[in-house]
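In: Got a predicted structure plus its sequence, pasted below:
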Amino acid sequence: MMESLHVAVAVFSLLSLGQTAPTTNCDSLTQQIQISGRDQLLGRWNYIAESSDIRGSKELLEISRGTVWLNYVAANEENIMIGSMHLKTFGQCFSMTFNSTLESNTLTFDYPYSSTGFHLKTGCPDCRVVYSNITFGRSSYRAVQLLSRRMKVSAAELEEYKKQVECLNLPEAAILDPEQGFCPDPSVSKDSKSFDMTSFMGTSNMSMIDEIFQSGAAVKTFSEVFSQLSSTLVEAMGN
């Protein structure tokens, strides 16, 4: 049972990763911007929305009713950041740590999957729009995420992001609901309780997750897993 729980949470962590693009303003909306250094990326970033061409990703993010925030701190090595992801889903908190490298305006990481990302122009003053090419298992995917220092952005800022998604020919984005609440910051909350998924996110599990997505059964499979396990999450986290 715990193995199924791990796989299901791993999927939502990965997501925490077919319309015709309009021609108006797309050149501007998909323009890459320069990141002068890692310092401007450090600190907390809240997930606002995400679109990807992973089959069923939008539905799964909506089913999870989850929230996600990231935190970056500087590593000793130049241009390397230590990242942590904090996911809240079904009332429980899960976390994962990873290393990111910013070099030549490209943000990359290799674990738990391979990703190369670029920042796109945005009119939101405290936001990041990150367009990524992702590989896990034997498949490659595209995704674009909207992150902000705030927990919620304005309607106009969200609309601009939605237009960027259209311009990139990606499916409609899933919008995360901050009203669901966020996991507490473990650095300031001694009582925070979170299950660390870092060691679980290995190559074999990424391949298994990819096979489920490729089969087209991801929504059904992981919906059933969480339907069976949601009532026992509190007990599982206590063990």
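Out: Looks like it came in fine. Here the structure is a predicted model, which is why all the values come from computation and not from measurement.

In: count of neighbours near residue 169?
Out: 13 (other C-beta atoms under 10 Å). Just so you know, the C-beta spots here come from the backbone N, C-alpha and C atoms, and that holds for glycine as well.

In: what's the distance between it and residue 131?
Out: From residue 169 across to residue 131, the span is 12 Å (C-beta to C-beta, to the nearest Å).

In: what's the following helix or strand after the lengthiest strand in the chain?
Out: If you go by DSSP state E, the chain has its longest strand at strand 92-103. Using DSSP states H and E, the helix or strand that follows strand 92-103 in sequence is strand 106-109.

In: For that next one, buried residues please.
Out: Within strand 106-109, the residues scored as buried using 16 or more other C-beta atoms under 10 Å are 107-109.

In: what would these look like in JSON lines with pLDDT and distance to residue 141?
Out: Below are the buried residues of strand 106-109 laid out as JSON lines (pLDDT from 0 to 100; distance: C-beta to C-beta, whole Å):
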{"residue": "107", "pLDDT": "92", "distance to residue 141": "16"}
{"residue": "108", "pLDDT": "92", "distance to residue 141": "15"}
{"residue": "109", "pLDDT": "85", "distance to residue 141": "15"}
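
In: Closest one of the residues you listed to residue 154?
Out: When those are compared for distance to residue 154 (C-beta to C-beta), residue 107 wins out at 25.2 Å.

In: OK, contacts around the closest residue to the closest one other than its chain neighbours?
Out: Nearest non-adjacent residue to residue 107, counting by C-beta to C-beta, 6 or more residues apart in numbering: residue 117, 4.3 Å away. Contacts for residue 117 were tallied using C-beta atoms under 8 Å, 6 or more residues apart in numbering; they are 106-108, 130-133.

In: where along the chain do the helices fall?
Out: 2-15, 26-29, 57-64, 155-167, 203-215, 218-229, 233-238 (DSSP state H).

In: Mind listing what's buried along the shortest one?
Out: By neighbour count with 16+ other C-beta under 10 Å, helix 26-29 contains the buried residues 26, 29.

In: re earlier: can you pick out the most distant pair from the contacts of residue 117?
Out: 108 and 131 (13.1 Å).

In: so where's the chain uncertain?
Out: 1-24, 56, 64, 189-192, 200-239 (pLDDT under 70).

In: please redo it, this time with the cut-off set to 80
Out: For the chain, the stretches with pLDDT under 80 are 1-24, 36, 55-65, 89-92, 111-113, 136-138, 187-195, 197-239.

In: Would you mind confirming that residue 50 is in contact with residue 62?
Out: No: using C-beta atoms under 8 Å, residue 50 is not in contact with residue 62, being 11.1 Å away.

In: Looking at these two now, which is surrounded by more residues?
Out: Neighbours were counted for residue 50 and for residue 62 using other C-beta under 10 Å; residue 50 has more, 27 against 14.

In: which residues sit in contact with that one?
Out: So residue 50 contacts 15, 17, 57, 61, 143-146, 173-174, 176 (C-beta under 8 Å, 6+ apart).

In: how does it look with 6 Å?
Out: By C-beta atoms under 6 Å, 6 or more residues apart in numbering, the contact set of residue 50 is 145, 174.

In: separation between it and residue 147?
Out: For residue 50, the distance to residue 147 - C-beta to C-beta - is 9 Å.

In: ok, now how distant is residue 117 from residue 65?
Out: Residue 117 is 26 Å from residue 65, where distance means C-beta to C-beta.

In: Tabulate the buried residues of strand 106-109 (a markdown table), appending distance to residue 123.
Out: Output for the buried residues of strand 106-109, formatted as a markdown table (distance: C-beta to C-beta, whole Å):
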| residue | distance to residue 123 |
| --- | --- |
| 107 | 21 |
| 108 | 26 |
| 109 | 27 |
